[in-house]
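>>> Have a look; sequence and predicted model below, questions after that.
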Amino acid sequence: MAKHTMVRNILCLAALSFMLIGCGSGGGSSPAATNSTAGTQAVVTISTEESGAVSSLPIIGIEITLSLPPGVTVDADASGQTGSGIVKASGVAAGASTIGNYTPATATTPGTVKIAVIKSTGFGAGEFVSVTCNRNGASFSASDFTLSGFKAVDHYGITITGLVPTHTVH
């Protein structure tokens, strides 16, 4: 690998890691309701879809925030780092590195999971991550989970336009 390519990839990975504590941009959409309270866990699968002319591919990194419905949590340590296998690269990003940071709900704000998915070889549009949540007896629909702060970047750290996030809940 050429020295400039390695430096660029390292800078991109560092920038994506820092995005977890910074501000994101973009919105999200929700699919039709699905649920029930069956089982003790729910798995939220997050994907990208093309919504016009995509500015560039492959995607090297994505950041996004998943807001959880009341009563739903994820396993995390005292610092908020999600437990092993809670935030897992999937689909087109299988094998990618992931970072998850959980913030519990308060009386006025929902619980959130800030997610970064990083794959130096890149990936295209489609399913890229799954998040395993604890139901805690809560009843919800897929539309009770929301996405925000979506940002996808290419090898140069430039924001990729023309993609929107979607999700399903199982």
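Yep, that arrived.
>>> Surely Ala42 is in contact with His170?
Yes - using Cβ atoms under 8 Å, Ala42 makes contact with His170 at a distance of 6.8 Å. For every residue, glycine as well, the C-beta is placed using N, CA and C.
>>> Please tell me how far Ile118 sits from Gly95.
For Ile118, the distance to Gly95 equals 11 Å [Cβ to Cβ, to the nearest Å].
>>> where are the low-confidence patches of this structure?
1-38 (pLDDT under 70).
>>> can you map out the helices along it?
Here the chain has its helices, by DSSP state H, at 3-19.
>>> I'd assumed Ile115 was in contact with Ala89.
No - the criterion here is Cβ under 8 Å, and Ala89 misses it with Ile115 at 10.0 Å.
>>> higher neighbour count, Ala42 and His170?
Taking other Cβ atoms under 10 Å, Ala42 and His170 do not tie; Ala42 has more neighbours (24 against 12).
>>> so that one bridges to which residues?
For Ala42, the beta-bridge partners are Cys133 (DSSP bridges).
>>> Quick one: residues contacting it.
The contact partners of Ala42, by Cβ atoms under 8 Å, 6 or more residues apart in numbering, come to 35, 72, 132-133, 135, 140, 169-170.
>>> Buried ones only from these, please, as a PyMOL command.
Selection of buried members from the contacts of Ala42 for PyMOL, criterion 16 or more other Cβ atoms under 10 Å:
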select buried, resi 35+72+132+133+135+140+169
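>>> which one of the contacts of Ala42 is nearest Leu66?
Of all the contacts of Ala42, Leu66 sits closest to Cys133, with 8.7 Å by Cβ to Cβ.
>>> Check the gap between the closest residue to Pro104 other than its chain neighbours and Gly83 for me.
Leaving out its chain neighbours, the residue that sits closest to Pro104 by Cβ to Cβ, 6 or more residues apart in numbering is Gly111, at 5.2 Å. Gly111 is 15 Å from Gly83, where distance means Cβ to Cβ.
>>> Between these two, which is the more surrounded one?
Gly111 (20 against 13).
>>> Now for the more buried one: which residues touch it?
67-68, 72-74, 102-105.
>>> how far away is the residue lying closest to Asn136 once chain neighbours are set aside from Val113?
Excluding its sequence neighbours, the residue lying closest to Asn136 (Cβ to Cβ, 6+ apart) is Gly71, at 5.0 Å. To Val113, Gly71 is 15 Å away according to Cβ to Cβ.
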